[in-house]
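Engineer: curious how this folds, go ahead:
(2 chains)
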There are 2 protein chains.
Amino acid sequence: MPDALVVGCGLIGASVGMALRDAGWDVLLRDEVPSIVGQAVRRGAGRPWEPGDRTTVALVAVPPRVTARVLAEVQQLDLARTYTHVCSVQSHVQAEIEALNCDMATVIGGHPLAGRERSGPGAATADLFVGRPWALCPSAATSQTAQQDATSLVRDCGADPVHLSAAEHDASVALLSHLPQVTASALAGSLLGSGELRAGSRPTVEAGTRHRPLQLAGPGLVDTTRLAASDSELWSQILELNAAQLAPLVADLSARLHDLSEALSTLGGPATPRESATALAQVRALLRAGNDGRALVPVKRGVRSEAFAPVRVSVRDEPGRLAALLADAGAAGINVEDVHVEHIPGRPSGVIELLVGVGDVPALCRALAVRGWAVLELEG
Amino acid sequence: MPDALVVGCGLIGASVGMALRDAGWDVLLRDEVPSIVGQAVRRGAGRPWEPGDRTTVALVAVPPRVTARVLAEVQQLDLARTYTHVCSVQSHVQAEIEALNCDMATVIGGHPLAGRERSGPGAATADLFVGRPWALCPSAATSQTAQQDATSLVRDCGADPVHLSAAEHDASVALLSHLPQVTASALAGSLLGSGELRAGSRPTVEAGTRHRPLQLAGPGLVDTTRLAASDSELWSQILELNAAQLAPLVADLSARLHDLSEALSTLGGPATPRESATALAQVRALLRAGNDGRALVPVKRGVRSEAFAPVRVSVRDEPGRLAALLADAGAAGINVEDVHVEHIPGRPSGVIELLVGVGDVPALCRALAVRGWAVLELEG
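Structural biologist: Sure, this is the predicted structure:
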């Protein structure tokens, strides 16, 4: 039976334990807080580590700032054949581990691209890593055995191992994770200083329809600022460790927004037709670059959005309608990939969007229409 | 029977027609392209306007650049008692309408905060405006009658009328809609210039696990760049018309990102402990301001997110499981507000998240557990 030691039984550690146990592994658990081990055991993440126990892989799942120290301690105690961790930034931790005179042949950094807004073993789930990428970052000294041990662990968590160097990893997450994070934070911060909010309510025409701050906010603002709700303490640790990679990306984004603000000033003020035309071309270029960049983003994991299409159905807003709709889709043999509900409490109807394979759209529309559903046409 | 003339039968115009017909209005349709009127009639948006027809309200739903001209033409022909439009920017259009010597007593600007990623009458739906805010922007000259006529139309579309001045409207959408749009576009544009993408695939350890560009992208990047897919031609018109309001907001965001890049450079390079501490405090302050700003965003229309909570259930990935789960929730008498499916094709299981009222969480967990569902615990 394959076995592993999980050191640190928070959300990530306990979820790894649960996933590996489901895959038939023997999992041992350690945490500096004994009650956390108890919680993880009750979640089914494994059994408590006891002196003398030694496993194939030790996975260190503790906060970034203490990862290197804890990994070195565990290696010093010879608790496993291979050592990995789950740090969001790799180069810095790898250098720290080297500086602690660890045997680098048995060490391979790791980073599961998964998480939740909640923390602790109570939020753990065996499915946390299913279908998610999990970066594995060997150093030049990492042995083949260590690479194989870590890859087995990752695959048995249901994740997709992605092998790359620590430097490649850090450049990648700076662009794909850390830059979106600080952009969302800065944008959400813009809402604080605005007259929009300071001014409060305004004089109005009719009772009950007063203009309230953010009343005109739509789903675009909601999506664009979602990351701004992230744990600011954890993120300041992450950004600190990857600061050198992130700084030029933020500077570049800032410069492009600065150029845009100049173009907008030209368009909003007195300008010659030639100046206005140049400024408008700049604005359009930024929007088009955004179109091109967005087209590169994998909207569904591993599958571009073009493979799926929505079918929209207007339904009465009553309990059970969503279930009935999905039952009818299932009866037609169609697999619904995702569901979006535009549901307004107190309104007589709403719109449910079912995401299905593009090839299934006509059959689903027909099947639902036959069963009396108000399918919204997409083509005129 | 109340009546309206819709001028321009694209997505918005045809959707207004369908909504008003559902509410019992007589709706007349005009478009400079006769086949578009035909499509809108077939969608059930109304009947073709004929010479001599005159209605209570005329709604002009044409692109921003031609809105004022078309509205003036329709008023010149005396086709209605009240005239409104659906332009995303108000002040500029109001000034244009005044400059065309219109009777301003019968004119009231409007802007429904609703839309879709698709355009044309084929994408129209009677539910498009349900529960959405719809700004109404009277000028100083707008009569009470015009205000009442427009308000009736908005309410009968199912929308919530929000009365405010054109200047207030434009300041509000600059912050809440146009700033997020350009931020998302600039961020998505960052993906284009990166070495990450230019470099293509990298040397790897193991076949089948090669590092591909954007492979480490997660849902944060997906959400934060969603708006970048918007129609860049339409948006360059919108941004041009609201440039004066938007420019200082973009400049301010750019400046804050510039300061952040300096702080990150300090953290990533050689610095005294005092310099590093100051820089880290700056990073943390930006993240915390983001937390505070995000807390102001109405996540569900009119209802703060705290009123709802998710219940997560691990399910086998088979057709019909989602329907069965919702049927059991419905049988327990619980109204599911929204559904999120973490569904990975080809995997044996996924996680379904049901959003319900906070007070319903314990009852739903119990009801589902009794029926044999694998409810994921949230507290340890």
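
Engineer: could I have the helix or strand encompassing residue A:363 exported to PDB, CA atoms only?
Structural biologist: Here residue A:363 sits within helix A:361-370, counting by DSSP states H and E. Only the C-alpha atoms of helix A:361-370 are listed here, as PDB (Å, rounded to 0.1, in the frame of the first residue of the first chain):
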ATOM      1  CA  VAL A 361     -27.900  22.200 -28.300                       C
ATOM      2  CA  PRO A 362     -30.400  21.400 -31.000                       C
ATOM      3  CA  ALA A 363     -31.500  18.100 -29.400                       C
ATOM      4  CA  LEU A 364     -31.800  19.800 -26.000                       C
ATOM      5  CA  CYS A 365     -33.900  22.700 -27.400                       C
ATOM      6  CA  ARG A 366     -36.200  20.300 -29.100                       C
ATOM      7  CA  ALA A 367     -36.500  18.000 -26.100                       C
ATOM      8  CA  LEU A 368     -37.300  20.800 -23.700                       C
ATOM      9  CA  ALA A 369     -39.800  22.500 -26.100                       C
ATOM     10  CA  VAL A 370     -41.700  19.200 -26.500                       C
END
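
Engineer: and it, what's buried?
Structural biologist: Neighbour counts over helix A:361-370 (16 or more other Cβ atoms under 10 Å in any protein chain shown) mark A:361, A:364, A:365, A:367, A:368 as buried. Heads up, the C-betas are built off the backbone N, CA and C, glycines and all.

Engineer: and for stretch A:136-144?
Structural biologist: Going by neighbour count (16+ other Cβ under 10 Å), the buried part of stretch A:136-144 is A:136, A:137, A:138, A:139, A:142, A:143.

Engineer: now the two most distant members of those residues.
Structural biologist: A:137 and A:143 (14.3 Å; Cβ to Cβ).

Engineer: what's the neighbour count on whichever residue of the stretch 1-150 of chain A sits closest to chain B?
Structural biologist: In the stretch 1-150 of chain A, no residue comes nearer to chain B than residue A:122, which is 3.0 Å away by Cβ to the nearest Cβ. Neighbour count for residue A:122, taken as other Cβ atoms under 10 Å in any protein chain shown: 19.

Engineer: so which strand or helix has residue A:340?
Structural biologist: strand A:338-342.

Engineer: average pLDDT across that strand?
Structural biologist: Averaging pLDDT along strand A:338-342 yields 71.

Engineer: same deal with stretch A:289-305?
Structural biologist: Stretch A:289-305 carries an average pLDDT of 75.

Engineer: same question for stretch A:44-62.
Structural biologist: 97.

Engineer: end to end on it, go ahead and measure it.
Structural biologist: Across stretch A:44-62, the terminal residues are separated by 19 Å (Cα to Cα, to the nearest Å).

Engineer: for chain A, what spans make up the strands?
Structural biologist: Under the criterion DSSP state E, strands of chain A are mapped to A:3-7, A:26-30, A:47-48, A:55-60, A:80-85, A:107-112, A:133-138, A:160-163, A:308-316, A:338-342, A:349-357, A:374-375.

Engineer: strands paired with the last one, and their directions?
Structural biologist: If you go by DSSP bridges, strand A:374-375 pairs up with strand A:308-316 (antiparallel).

Engineer: cool, the fifth one as well?
Structural biologist: On the basis of DSSP bridges, the sheet neighbours of strand A:80-85 come out as strand A:55-60 (parallel), strand A:107-112 (parallel).

Engineer: got the angle between the last one and strand A:133-138?
Structural biologist: For the pair strand A:107-112 and strand A:133-138, the angle between their directions (axes from the mean of the first three to the mean of the last three Cα atoms, to 10 degrees) equals 160 degrees.

Engineer: export strand A:107-112 to PDB, keeping only CA atoms.
Structural biologist: The C-alpha coordinates for strand A:107-112 follow below in PDB (Å, rounded to 0.1, in the frame of the first residue of the first chain):
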ATOM      1  CA  VAL A 107      13.300  17.300  -2.300                       C
ATOM      2  CA  ILE A 108      10.800  18.400  -5.000                       C
ATOM      3  CA  GLY A 109       8.700  21.600  -4.700                       C
ATOM      4  CA  GLY A 110       5.000  21.400  -5.500                       C
ATOM      5  CA  HIS A 111       2.000  23.800  -5.800                       C
ATOM      6  CA  PRO A 112      -1.500  22.600  -6.300                       C
END
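
Engineer: how close does the residue of chain A positioned farthest from its centre get to residue B:65?
Structural biologist: Distance from the C-alpha centroid of chain A, by Cα atoms, centre = their mean, peaks at residue A:272 (45.9 Å). According to Cβ to Cβ, to the nearest Å, residue A:272 stands 20 Å off from residue B:65.

Engineer: could you do residue A:126 as well?
Structural biologist: With Cβ to Cβ as the criterion, residue A:126 and residue B:65 are 55 Å apart.

Engineer: more neighbours: the two, which one.
Structural biologist: Neighbour count, other Cβ under 10 Å: between residue A:126 and residue B:65, residue A:126 has more, with 26 against 14.
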